[in-house]
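Colleague: sequence and predicted structure, then a few things I'm wondering about:
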Amino acid sequence: MTTGIPLSRLLKTHFGYDSFRPLQREIVEAALARRDVLAILPTGAGKSLCYQLPALAREGVTLVVSPLIALMKDQVDQLTAAGVAATFLNSTLGMQENRDRIEAIRNGDFKLVYLAPERLMSGAFLAEVQRWNVTALAVDEAHCISEWGHDFRPEYRRLRELRQALPQVPAIALTATATPRVRDDILVQLGLRDPAAFLASFNRPNLNYLVEPKQDALARVVHFIRERGQESGIVYAQSRKRTEELAASLRASGIPAVCYHAGLETAERARNQEAFLRDEVRVVCATVAFGMGINKPDVRFVIHADLPKNLEGYYQETGRAGRDGLPADCLLLFTRGDIVKQQRFIADISDEEARDNAREQLEHMADFAESDACRRIGLLDYFGESWPEENCGACDNCLAPRGNWDATVETQKLISCVIRVKQAGGPPVGIRHLADILAGSRAEKILARKHDKLSTYGIGKEHSAAKWAEIARTLVRKGWFAVDGGNYPVISVTDEGVAILRERRAVSLTRLMEGEKTTTRRAGDIECDAELFEALRNHRKQVADAAGVPPYVVFSDVSLRHMAREYPGDKAAFARIPGVGDRKLNDYGPGFLREVSTWLETHERRKFAPLPDPRASVPKPVLNGTTFATLELWRAGKNMDEIAAKRGLAISTIESHLGAIIESGEDIDPRRCYSEKEEAEMRAAFEGSDDLALKPIFEQLGGRMSYGKLRLFRAIEARGASLQPA
Ligand code: ADP
Ligand code: MG
């Protein structure tokens, strides 16, 4: 079935890469072993390669279903430039062209055929597909199959019929987003059989996360982009009008920018997107409508000029930066006013469940923006992932900790004020009201409730009401205040808050955010001769325009940066540049080599420190679909009973899943599996036993401990043992 050429050879000759990114090799190998595969990897992880490389390594043709027509051409252009026989079928083709392509596919002229899901709606087409020598099926953006996902495509449901038409053909499903519900949908809808499932970390190491207080957003956005040379980026804003304002401000400052939103004509939208992809404009100012179709690998910054609705959206949108692995900045401009604005929209949602849900999501988003802790940890935590270190070194809070101030007195005033309000009777109050009492406001609501008679009234004149509100919110995040109620959230003091006041504990709080943030850490950076890089970039643009493709189809910025630090002088040296495969070496090598040699006639060659080894990556576990589902719930903090109930499986099954999970290398906290007392009991029993068989131990313990628990204990102990030096 396979061509017998080693994978690493194929990787270099076609794609020009020397090493696999994390999980790519494992996924490719599982696919080539004819297994069904589910791959959940973040944006920029290199999912395309996971089905493109196997397609080259086996006989026959791989069908790729992908949701966006615009992206299909892009992908086929990239493959063609790399010398891979690929084509697509979608509604943009004329009848004759369509017939010709189908004829060529029947002839076996292509290794990969991209299909629009609409094609699957026709029975005749399914019959046609059966005449081809299809040896694999790839479903990109597989979350589109699920109604629970954010990009549901009804046509994706027809993939079932395609599967039935090709019963022997293994399938690989790829996505960057899959909540457990979506993931289960993918498994069921595609009928994946005992799939090899892969879940990569959602951390994006090359992204820097920055949050700044929002003041004069237009000026700040212009300034931020001006500082970034020729780099491309996206500015997200909440309304169509804002995107137009932003684009106009940028243009007025000499920065080529366009806008993108659902209110534009289809043709104009396509034109603006194309201009961005082709580096004709640097910036797109967009609503969230601008998204999935953006394959551009060298987006160097994403700015949120307004607060996103939820962390999921924030992660998706910032995720469009830095697909190429080079450093990129994500700037969020934040003001409380944006929360208030969105709360107003939310209050208008008629469905109660949807409203509560939106409110909760907004709260998470606000907490993230206001937090003084590591942004990366906050973000990953939301997706149920933990981060091994305390300081990520690449977010504003880790790069420039804000320092502390003594808030003992302020905290006492706030807490006792809430207590006084409660003692005075009547309904509890919200943060604004509380702040107004302390600041001594004469507002109607204060006087009406006689809160100007409280002993705490006006005892906080040293700060503005806004500042008091800000401090109060910090106390909420600290868990000393609790917030309850939907439309009108009110404050109460938690037990811990009461203790703080009673024990007169000293309180030190993080300073509030202020000023502009700078980034220093540049993870993934490739140091190079910046001027030569610009010269090569210009050359790339000319080559791309002549071929009618976006510049990144010719070479990525990564390749150009390597050229601009290694100064290749001949074909052999050029072939060693990452991203240079056989075809690109022949097609583009001579032109770029000429650029470099011309450059060296008038410039000194510079020296750069060596780059870290990209292969220093951690392998991740390979688990089957059902075990994987258990792992996700476990990571989300569910205990064994909850997982069993949720999945409708026996506890013993869940225990044995966990055993397999431990054996695959996942770090599982024994404390979540059994108590210390149970552990001691099991340890004593195992130590008193000659072999590791479970039955005698089970009997010795009189059945007090289930087989599953014993198996888990054994797996955890074995893991500990294997970590010991031999
Ligand atoms: P995804 O679909 O997961 O978002 P892509 O398949 O679009 O990611 O790949 C993102 C970028 O990573 C592309 O520019 C691609 O060329 C690059 N890439 C993929 N695999 C490798 C690799 N093994 N080494 C270097 N670059 C890679
Ligand atoms: Mg992709």
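Modeller: Everything's here; your move. Nothing here was measured: the structure is a model prediction, and the numbers come from that model. Numbers count the residues shown, from 1 in each chain. Ligands and ions are numbered 1, 2, ... in the order given.
Colleague: residue 210 looks like it's in a strand, true?
Modeller: Yes. Assessed by DSSP: H, G, I helix; E, B strand; the rest coil, residue 210 belongs to a strand.
Colleague: so it bridges to which residues?
Modeller: Residue 210 has these beta-bridge partners by DSSP bridges: residue 331.
Colleague: over to residue 481?
Modeller: Residues in beta-bridge contact with residue 481 (DSSP bridges): residue 493.
Colleague: isn't it up against residue 418?
Modeller: Yes. Counting by C-beta atoms under 8 Å, residue 418 is a contact partner of residue 481 at 7.2 Å. For glycine as for every other residue, the C-beta is placed from the backbone atoms N, C-alpha and C.
Colleague: residues shared between the contacts of these two?
Modeller: Both residue 481 and residue 418 are contacted by 491, 492, 493, under the criterion C-beta atoms under 8 Å, 6 or more residues apart in numbering.
Colleague: just send those back as TSV, with distance to residue 76 too.
Modeller: What follows is those, written out as TSV (distance: C-beta to C-beta, whole Å):
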residue	distance to residue 76
491	58
492	60
493	62
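Colleague: spatially nearest residue to the residue of the stretch 401-550 of the chain found nearest ligand 1, not counting backbone neighbours?
Modeller: Of all residues in the stretch 401-550 of the chain, residue 524 sits closest to ligand 1, at 11.2 Å by C-beta to the nearest ligand atom. Once flanking residues are discounted, residue 524 sits nearest to residue 206: 3.7 Å by C-beta to C-beta, 6 or more residues apart in numbering.
Colleague: and that neighbour, how far from residue 262?
Modeller: 30 Å (C-beta to C-beta, to the nearest Å).
Colleague: look at those two and report which has more neighbours.
Modeller: Neighbour count, other C-beta atoms under 10 Å: between residue 206 and residue 262, residue 206 has more, with 20 against 10.
Colleague: quick check, pLDDT for the more buried one.
Modeller: For residue 206, the pLDDT comes out at 92.
Colleague: can you pull the phi/psi pair for it?
Modeller: phi -90, psi 0 (degrees, to the nearest 10).
Colleague: confirm that residue 461 sits in a strand.
Modeller: No. Using three-state DSSP, the assignment for residue 461 is coil, not a strand.
Colleague: got the contact list for the closest residue to it other than its chain neighbours?
Modeller: In this structure, residue 461 finds its nearest non-sequential neighbour in residue 440, 5.7 Å apart by C-beta to C-beta, 6+ apart. Residues near residue 440 by C-beta under 8 Å, 6+ apart: 452, 457, 458, 460, 461.
Colleague: the top helix by length along the chain near ligand 1 anywhere?
Modeller: Using DSSP state H, we find that the single longest helix of the chain is helix 582-602. No. Helix 582-602 stays clear of ligand 1 (C-beta under 6 Å from any ligand atom), getting no nearer than 11.9 Å.
Colleague: for the closest residue to ligand 1 within the stretch 151-300 of the chain, what are its contacts?
Modeller: Proximity to ligand 1, evaluated over the stretch 151-300 of the chain using C-beta to the nearest ligand atom, is greatest for residue 297 at 3.8 Å. Contact partners of residue 297, counting by C-beta under 8 Å, 6+ apart, are 44, 323, 324, 552, 556, 557.
Colleague: again, only using 7 Å
Modeller: Contact partners of residue 297, counting by C-beta atoms under 7 Å, 6 or more residues apart in numbering, are 323, 324, 552, 556.
Colleague: just those now: which is nearest residue 678?
Modeller: Ranked by distance to residue 678 (C-beta to C-beta), the contacts of residue 297 are led by residue 323 at 47.2 Å.
Colleague: look up how far ligand 1 lies from that closest one.
Modeller: Here residue 323 is placed at a distance of 4 Å from ligand 1 (C-beta to the nearest ligand atom, to the nearest Å).
Colleague: with adjacent residues omitted, what lies nearest to that residue?
Modeller: With sequence-adjacent residues excluded and distances taken as C-beta to C-beta, 6+ apart, residue 323 is closest to residue 44, at 3.6 Å.
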